[in-house]
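**Q** pasting the structure only:
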């Protein structure tokens, strides 16, 4: 007789869980602006720090790489460090998202939009 009420209760639980998930995702998005990773190239001669959202925050370049006509080498090292930082930022963001989804009982490999 009251089968519909059981489904409504389940729906309410799902809605509450979805809202909770949305709040946690919003909080994580904010945190990822503050979380940083550092990529490097040239055995640490060039270091790039980025937020976990992939935003470049700083570059640290060892002055020893500015000798001679190595402009292309320097540019390649800088690009490599930035790409490394962005890759690490992406990996860290996926790791943090996996923690969030697992904590909510969702599949670990579930992909959620950023």
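**A** Right, received. Where do you want to start? Not measured: the values here are computed from a predicted model.

**Q** spatially nearest residue to the residue nearest the centre of the chain, not counting backbone neighbours?
**A** In the chain, the residue lying closest to the centroid (CA atoms, centre = their mean) is residue 93, at 2.2 Å. Nearest non-adjacent residue to residue 93, counting by CB to CB, 6 or more residues apart in numbering: residue 52, 4.9 Å away. Using the backbone N, CA and C atoms, a C-beta is placed for each residue, glycine as well.

**Q** burial check on the one you found, number of neighbours?
**A** Number of residues near residue 52 (other CB atoms under 10 Å) recorded here: 24.

**Q** phi, psi for it please.
**A** Main-chain torsions, residue 52, degrees, to the nearest 10: phi -70, psi 0.

**Q** circling back: the residue nearest to the centre of the chain touches residue 51, doesn't it?
**A** No. Residue 93 is beyond contact range of residue 51, at 9.4 Å (criterion: CB atoms under 8 Å).

**Q** shared neighbours of the two, anything?
**A** Common contacts of residue 93 and residue 51 (CB atoms under 8 Å, 6 or more residues apart in numbering): residue 32.

**Q** name the helices or strands packed onto the helix or strand of the chain with the lowest mean pLDDT?
**A** Every helix and strand in the chain was compared by mean pLDDT, DSSP states H and E; the lowest is helix 3-34, with a mean of 80. Applying 3 or more CB pairs under 8 Å, 6 or more residues apart in numbering; DSSP states H and E, one finds that helix 3-34 makes contact with strand 46-51, helix 71-103.

**Q** and these, which one is worst for confidence?
**A** Here the lowest mean pLDDT among the helices and strands packed on helix 3-34 goes to helix 71-103, at a mean of 90.

**Q** next one: it to chain centre, how far?
**A** For helix 71-103, the separation from the chain centroid amounts to 8 Å (computed by CA atoms, centre = their mean, to the nearest Å).

**Q** may I see the buried residues of that helix?
**A** Using 16 or more other CB atoms under 10 Å as the test for burial, helix 71-103 gives 74, 77-78, 80-82, 84-86, 88-90, 92-93, 96-98, 100-101.
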